[in-house]
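# Need coordinates for the following:
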Amino acid sequence: MAAEHYAVIMAGGKGERFWPLSTSERPKQLLALVGDKSLLAQAVDRLDGLIPPERVFVVTNKNLVQASREAAPILPPENIVGEPMGRDTAAAVAVAGALIGARSVDASFCILTADQVMGDLDVYRRTLQESLDLASQQEVLITIGIQPTSPSTAFGYVEAGPELQSGDKVTFHRARRFVEKPDESTADRYIHSGRYFWNSGMFIWSVKALHAAFKKHCPELSWLMETLTTAVGDDSLNAVLEATYPPLEKISIDYALMEKADNIIMAKGTFAWDDVGSWTALSNHFAADKSGNITIGSLEALDSGDNIVFSRDRTTAMIGVSDLIVVQAEGVTLICPKNRAQDIKLLLQQVRNNPDHRDII
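Okay, here's the model as predicted:
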């Protein structure tokens, strides 16, 4: 009998770079930034025909459980689980491993994220399918590397080693190493080498392979996965999460595991992919006017070009400005240069320290 396949969608992010539209009560993954459905709903829909809804889980923040259930009503309510606090992706992956392991210790599953946009969905699903099949056959940790289209400094990279025996239509490589977000010259060198791929943050493995890797490289997470697996079985999961989470180290799955393991395989992702990491990403999904302005809402512009404007419920007027992001949402107006979109997170740190403004985040 073939091993069952599952999916876990990570949906606990704050989406701070999309402030002020994205807030702590309704972060990016619950917004319809691109398309008519929320990013979370789109992530669930992409699995149609590959993994049935009863085998799809969502790991989010406990304060977002109800909103996530409303965004993905096709999923069983009990499949949407809330972490008591953020501890980055390594702990969330351990929760995922426990949820699946409690169902079937022989299962394989994919870790996906709720804040990405995909194209070429048949290719996307085929990549997941062949990766899940491989994970069911070998004790390996599989990551999906995306063919870069530019020397981006916004993503981490995976260096691909020798090509392995390919699947039916998906190419697999031995992964040499994971590297953090590079500077511009390093990213340019990566692109020209042809060996580096964007780290998509999508992973595929079996329950057994993940547990073994945790046991070898980060025993604390092995213990967490074991403890939570038992809790899933006796309906005490939320109580055990509350008890075990506070002392956990805040660390990503890349640092905790992927940069240490030696049994990593990279599946080459040849589908369209966008991390939708900040307001500038909207340029990839909306047509610009003749002056290069991207507008969601209403804009009156005079001698203004190459701006990104979000003002769904009102009109924005511009004279003689360019390369700006202008957002009007939730009673807040944000204006910043496009090349400083990443600094919105820094601004929010300042806002949190102002007692008069804490209610706007």
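# Please count neighbours and contacts with C-alpha atoms only from this point.
Noted.
# In the record's domain split, what are the boundaries for the chain?
Described in terms of automatic domain parsing, the domain architecture of the chain consists of the residue ranges 5-274, 279-360.
# Show me how far the longest one is from its chain's centre.
With C-alpha atoms, centre = their mean, to the nearest Å as the basis, domain 5-274 stands 7 Å off its chain's centre.
# What count of nearby residues applies to residue 190?
By the criterion of other C-alpha atoms under 10 Å, residue 190 has 21 neighbours.
# on that earlier part again, please identify the most buried of the domains of the chain.
Ranked by mean neighbour count, the domains of the chain are led by domain 5-274 with a mean of 19 (mean count of other C-alpha atoms under 10 Å).
# which residues in the stretch 51-200 of the chain form helices?
Listed in chain order, the helices of the stretch 51-200 of the chain (DSSP state H, counting those that start in this stretch) span residues 65-71, 88-103, 121-137, 184-193.
# Please name every helix or strand in contact with the second one.
This means helix 88-103. Taking 3 or more C-alpha pairs under 8 Å, 6 or more residues apart in numbering; DSSP states H and E as the contact definition, the neighbouring helices and strands of helix 88-103 are strand 5-10, strand 56-61, helix 207-217, helix 219-233, helix 253.
# With distance to residue 307 and mean pLDDT as added columns, please give the helices of the stretch 51-200 of the chain in JSON lines.
Output for these, formatted as JSON lines (distance: least, C-alpha to C-alpha, whole Å; pLDDT from 0 to 100):
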{"stretch": "helix 65-71", "distance to residue 307": "30", "mean pLDDT": "96"}
{"stretch": "helix 88-103", "distance to residue 307": "33", "mean pLDDT": "97"}
{"stretch": "helix 121-137", "distance to residue 307": "30", "mean pLDDT": "96"}
{"stretch": "helix 184-193", "distance to residue 307": "23", "mean pLDDT": "90"}
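# Any idea which of these gets closest to residue 347?
Distances from residue 347 to each of the helices of the stretch 51-200 of the chain were compared by C-alpha to C-alpha, and the smallest falls on helix 88-103, at 21.1 Å.
# Kindly format the C-alpha coordinates of that closest one as CSV.
Written as CSV, here are the backbone C-alpha positions of helix 88-103 (Å, rounded to 0.1, in the frame of the first residue of the first chain):
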residue,chain,number,x,y,z
ASP,A,88,9.9,31.0,13.6
THR,A,89,9.6,28.2,11.1
ALA,A,90,11.6,25.4,12.9
ALA,A,91,9.1,25.0,15.7
ALA,A,92,6.2,25.3,13.2
VAL,A,93,7.7,22.4,11.2
ALA,A,94,7.9,20.3,14.3
VAL,A,95,4.2,21.0,14.9
ALA,A,96,3.6,20.0,11.3
GLY,A,97,5.5,16.7,11.8
ALA,A,98,3.5,15.9,14.9
LEU,A,99,0.1,16.6,13.1
ILE,A,100,1.0,14.2,10.3
GLY,A,101,2.9,11.7,12.4
ALA,A,102,-0.2,11.3,14.6
ARG,A,103,-2.1,10.3,11.5
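# From what I see, residue 47 and residue 125 are in contact.
Yes - counting by C-alpha atoms under 8 Å, residue 47 does reach residue 125; the two are 7.1 Å apart.
# So residue 203, which state does it fall into?
Here residue 203 is strand, with the state taken from DSSP: H, G, I helix; E, B strand; the rest coil.
# for the closest residue to residue 224 other than its chain neighbours, what are its contacts?
Distances taken as C-alpha to C-alpha, 6 or more residues apart in numbering place residue 94 nearest to residue 224, at 6.6 Å, with adjacent residues excluded. Taking C-alpha atoms under 8 Å, 6 or more residues apart in numbering, we find residue 94 in contact with 221-222, 224-225.
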